[in-house]
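Visitor: Any chance you can model this:
(one chain, ligands or ions: 2)
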Amino acid sequence: MAGLLVDIIPCRDWFILILILTLGNTICHVNGRAFFVFGDSLVDNGNNNYLLTTARADAPPYGIDYPTHHPTGRFSNGLNIPDIISEHMGCEATLPYLSPELSGGNLLVGANFASAGVGILNDTGIQFINIIRIPNQLDNFKEYQQRVRELIGHEESKKLVKQALVLITLGGNDFVNNYYLVPNSTRSQQFTLQEYVRFLITEYKKVLKRLYRLGARRVLVTGTGPLGCVPAELACYSRNGECAEELQLAASLFNPQLVQMIDQLNTKIGHIAFIAANTNQMHMDFISNPHAFGFTTSKIACCGQGPYNGVGFCTTASNLCPNRDEYVFWDPFHPSERANRLIVQQILTGTDTYMHPMNLNTIMALDSRA
Ligand SMILES: *[C@@H]1O[C@H](CO)[C@@H](O)[C@H](O)[C@H]1NC(C)=O
Ligand SMILES: *[C@@H]1O[C@H](CO)[C@@H](O)[C@H](O)[C@H]1NC(C)=O
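Guide: Ligands and ions are numbered 1, 2, ... in the order given. Here you go, the predicted model:
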């Protein structure tokens, strides 16, 4: 019997199986597909810990509700969106690309290339000094593939990337930490808001095309949230808790054009490679009716100071709410774990309003049949 088994299972599969069993303490039990993450602080799970930058979340009270109750570099009280997607795929969370633990069998689970502070544009987030801008995140993805090739060979490595799920989250910082960072910013003198949005979409399209050329075939692309409604912006611009108009306008211009661009790319490719997640609408649902989702507030951050706890950073000196689950926002910019869980639920099961052209459960069902 043993002989028969060996005969019908190709050598390379055995090799990989043994690799996973011996090197990988991180096995995906259900789907067995790798997961790659690109983007900004909404999805960074610790790369910036290894960089000389001010954009970091490696000190308490960040991570207060993480399984270890220690900060990890995630901009959340607990898990973030990619962690919860991994959980649903039956996988361990992906490791940050810069983590020394990302080697051997761990590489086969995927990797997180995201870096807090980055945007679509290279000049976004320059005030954070040393961050991994998006062209460099893609360079790292290329380097990652080289490392995987050395481990499992060319064909298997190509297959791993092709079958992987990819998440990319960009755009918010191009407004908050660039165009609107200071009055009369360079970009705002160069472009009207309408022109700037078109420029961002053109540049984003190049990023997505490069991701496709690097082998990505199922890419979740999140739009920006309602930028004008985050506690940091309420603290700056809001008298009665109303969202900041100009930033809301920016999000309302950017998000539909992103969906259009994704449709164009898919049509050109002739296959659904890119899937738009309407995180703006998901967030607006919480903001319109926080109580329906079990939140007590969608305006005040759990951790922070000043109006709406929206001023400055979340540190040990900040106000800290006792029950994070009641807050949409953990800090002045980032959702709580509970809000992230509800967002991922919509990513998995949402209707076309939320997930275009289809939700993640549909994608996973299609791919498991392929
Ligand atoms: C951003 O920087 C990369 C090099 O790191 C360069 O190739 C690219 O052209 C730049 N993008 C823009 C829009 O200037
Ligand atoms: C911004 O530019 C406008 C007109 O170009 C000018 O009136 C205004 O004072 C400038 N504001 C700042 C803060 O520099």
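
Visitor: And the strands in the stretch 1-150 of the chain?
Guide: Taking DSSP state E, counting those that start in this stretch, the strands of the stretch 1-150 of the chain run over residues 35-39, 110-112.

Visitor: deepest of these, which one?
Guide: Mean neighbour count (mean count of other C-beta atoms under 10 Å) peaks for strand 110-112 among the strands of the stretch 1-150 of the chain, with a mean of 30. (Each C-beta comes from the backbone N, C-alpha and C, glycine too.)

Visitor: Tell me where the longest helix sits in this protein.
Guide: Among all segments of the chain classified by DSSP state H, the helix with the greatest residue count is helix 245-269.

Visitor: The helix or strand harbouring residue 276 - which strands sit beside it in the sheet, and in what orientation?
Guide: Taking DSSP states H and E as the criterion, the element that holds residue 276 is strand 274-277. As defined by DSSP bridges, the strand partners of strand 274-277 come to strand 219-222 (parallel), strand 355-356 (antiparallel).

Visitor: and the most centrally placed residue in the chain, what is it in contact with?
Guide: By C-alpha atoms, centre = their mean, the chain has its centre lying nearest to residue 43, at 3.3 Å. When contacts are counted by C-beta atoms under 8 Å, 6 or more residues apart in numbering, residue 43 is found next to 37, 80-82, 112, 114, 167, 169.

Visitor: mean confidence for the host helix or strand of residue 201?
Guide: Secondary structure here is read from DSSP H and E; on that basis residue 201 sits in helix 193-213. Per-region confidence: helix 193-213 scores 98 on mean pLDDT.

Visitor: For the stretch 151-300 of the chain, what lies in contact range of ligand 1?
Guide: The stretch 151-300 of the chain has residues residue 203 near ligand 1, with proximity defined as C-beta under 6 Å from any ligand atom.

Visitor: Please render the strands paired with strand 274-277 as CSV that adds mean neighbour count and mean pLDDT to the earlier fields.
Guide: CSV is the format used below for the strands paired with strand 274-277 (neighbours: other C-beta atoms under 10 Å; pLDDT from 0 to 100):
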stretch, mean neighbour count, mean pLDDT
strand 219-222, 24, 98
strand 355-356, 22, 98
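
Visitor: Could you dump these into CSV with distance to residue 191 added?
Guide: Shown next, in CSV, are the strands paired with strand 274-277 (distance: least, C-beta to C-beta, whole Å):
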stretch, distance to residue 191
strand 219-222, 22
strand 355-356, 27
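
Visitor: which stretch among the ones you listed comes nearest residue 335?
Guide: When these are ranked by proximity to residue 335, the top entry is strand 219-222, at 11.8 Å, counting by C-beta to C-beta.

Visitor: mind showing which ranges of this structure have poor pLDDT?
Guide: Within the chain, the segments meeting pLDDT under 70 span 1-31.

Visitor: and if we set it to 80?
Guide: Within the chain, the stretches with pLDDT under 80 are 1-32, 370.

Visitor: In this structure residue 330 contacts residue 302, no?
Guide: Yes - with contacts counted by C-beta atoms under 8 Å, residue 330 reaches residue 302, the gap being 5.2 Å.

Visitor: Pick out whichever of those two has more residues nearby.
Guide: residue 330 (32 against 26; other C-beta atoms under 10 Å).

Visitor: how close does that one get to residue 340?
Guide: With distances taken as C-beta to C-beta, to the nearest Å, residue 330 is found 9 Å from residue 340.
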